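Asks: Sequence below, structure please.
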Amino acid sequence: MQAVMQPGARNLITDVPGIYVGHAQDHQIKTGTTVLIGDAPLTASVNVMGGAPGTRETDLLAPDKSVTQVEALCLSGGSSFGLDACSGVVDGLRAQGRGYRLGPALIPLVPGAIIFDLLNGGDKGWGANPYPALGRAALGAVSRDFLLGSVGAGTGALAAMQKGGLGSASLVLDDGSTVGALVAANPMGSVTTPGNRYFWAAPFEIDGEFGGLGVDPAAGLGRALDSRKAQALFGQTPERANTTIAVVATDAALDKAQCLRLATAAHDGIARAVLPAHSPVDGDLVFAASTGARPGADLMRLGHAAALCLSRAIARAIYHATPAPGDLLPCWSEEP
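Replies: Predicted coordinates for the structure are as follows:
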């Protein structure tokens, strides 16, 4: 694993050629949606390791299922309500003439996953479900450049000790292939050590991308489960569900089984950046997608890079979060 890897030009998942990301958010509700799409349909799979996932159309991503490609992937806030963001993306793609053709029918396939952000201080008294509109708006906003932090699916995210958020990172391997990660970080576990300034992902940071503080010199295994702020808000047994949901993408040509292996390896990135991870109340999930543009994939190195990208993306999500009225937890930038 001594191969040289450096972030792409944007240090975003859109450094993978042919990948685009769009956000839409409602700051009054404190929620939002993020969409990832390719120039062409994507080969994709998914691995779920959390005990409380919320998903749509993920069964079709199993290697033994007949569907080979999807049009887009959708990450959203809103818990079960947020799954309807996929419907807005489907409607938008159909209007663009994109989708799987079966006779005269055009069917855009858009698997998605949600985080729980219903107890974050936002106004949840909506009449009509807002998520279909958020999904379509996010599709309409796709670009190679996008913001991090309190945007899109990370708008209302909370971690154990501070606001969560939307993060991304990338790496270019020595063979020229690119890997990137996109994450809505809303974990029950903490992304920082108990002093709240140092990130668990610090060993993997590149060029000060989330503050450059390095590793906490006082950190130790016994300090990993401290979540005083979350406990004060929600009680000793928080009545909230949590999730870290992510997409890792590459231009290396992978089939569905290989995408599944890439998603599985990428979960190590969650475990390195969030303590504890994959809990019974988290819906931790990773999609993996391939554009198929570059043959000769080195799956071992791709999985290693995907895990590194995901750890860095989680820390960047929290690092870039911004304060808003009614917040229940401070942002990392507000910590003393």
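
Asks: Sketch out the helices for the stretch 201-336 of the chain, chain order is fine.
Replies: Counting by DSSP state H, counting those that start in this stretch, the stretch 201-336 of the chain has helices at residues 228-234, 256-273, 299-319.

Asks: Out of those helices, which is closest to D284?
Replies: For these, the distance to D284 is smallest for helix 256-273, at 5.7 Å, taking Cβ to Cβ. To be clear about C-beta, it is placed using only N, CA and C from the backbone, and glycine gets the same treatment.

Asks: what helices or strands is the closest one leaning on?
Replies: Packing contacts for helix 256-273, counted by 3 or more Cβ pairs under 8 Å, 6 or more residues apart in numbering; DSSP states H and E, involve strand 31-48, strand 243-252, strand 285-294, helix 299-319.

Asks: If we use 10 Å, what do you get?
Replies: strand 31-48, strand 178-186, strand 243-252, strand 285-294, helix 299-319 (3 or more Cβ pairs under 10 Å, 6 or more residues apart in numbering; DSSP states H and E).

Asks: Could you dump the helices of the stretch 201-336 of the chain into CSV with distance to D26 and mean pLDDT added?
Replies: Shown next, in CSV, are the helices of the stretch 201-336 of the chain (distance: least, Cβ to Cβ, whole Å; pLDDT from 0 to 100):
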stretch, distance to D26, mean pLDDT
helix 228-234, 22, 49
helix 256-273, 27, 98
helix 299-319, 19, 98
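
Asks: mind checking the SS state of C74?
Replies: Assigned with DSSP: H, G, I helix; E, B strand; the rest coil, C74 falls in the strand class.

Asks: Might you report the residue contacts of it?
Replies: 33-37, 56-57, 82-83, 85-90, 110-114, 131, 134-135, 138-139, 153, 245, 247, 287 (Cβ atoms under 10 Å, 6 or more residues apart in numbering).

Asks: that older thread, make JSON lines out of the helices and strands packed on helix 256-273 and add distance to P336.
Replies: Putting these into JSON lines (distance: least, Cβ to Cβ, whole Å) gives the following:
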{"stretch": "strand 31-48", "distance to P336": "29"}
{"stretch": "strand 178-186", "distance to P336": "22"}
{"stretch": "strand 243-252", "distance to P336": "26"}
{"stretch": "strand 285-294", "distance to P336": "34"}
{"stretch": "helix 299-319", "distance to P336": "16"}
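
Asks: and R10, which of those is closest to it?
Replies: strand 178-186 (8.9 Å).

Asks: Excluding residues flanking it in the chain, which one is nearest D298?
Replies: D175 (6.4 Å; Cβ to Cβ, 6 or more residues apart in numbering).

Asks: wait, doesn't that neighbour sit right on A252?
Replies: Yes: the pair D175 / A252 is scored as a contact, 8.5 Å apart, by Cβ atoms under 10 Å.

Asks: Spit out the residues that contact the two alike.
Replies: Contacts common to D175 and A252, judged by Cβ under 10 Å, 6+ apart, are R294, G296, A297, D298, R301, L302.

Asks: okay, the first one: pLDDT?
Replies: As summarised for this prediction, R294 has a pLDDT of 95.

Asks: Spatially nearest residue to it (excluding sequence neighbours)?
Replies: Once flanking residues are discounted, R294 sits nearest to D251: 4.7 Å by Cβ to Cβ, 6+ apart.

Asks: Now do the contacts for that neighbour.
Replies: So D251 contacts 15-19, 38, 172, 176-180, 290-294, 297 (Cβ under 10 Å, 6+ apart).

Asks: So it versus V16, what's the distance?
Replies: Per Cβ to Cβ, to the nearest Å, D251 is found 5 Å from V16.

Asks: Mutual contacts of these two, please.
Replies: G38, V172, S177, T178, V179, G180, S290, T291, A293, R294.

Asks: Nearest to G164, out of the helices and strands packed on helix 256-273?
Replies: The nearest among those, by Cβ to Cβ, is strand 178-186 at 4.5 Å.

Asks: ok, the closest one: who's next to it in the sheet?
Replies: Partners of strand 178-186 in the sheet, by DSSP bridges, are strand 165-172 (antiparallel), strand 243-252 (antiparallel).
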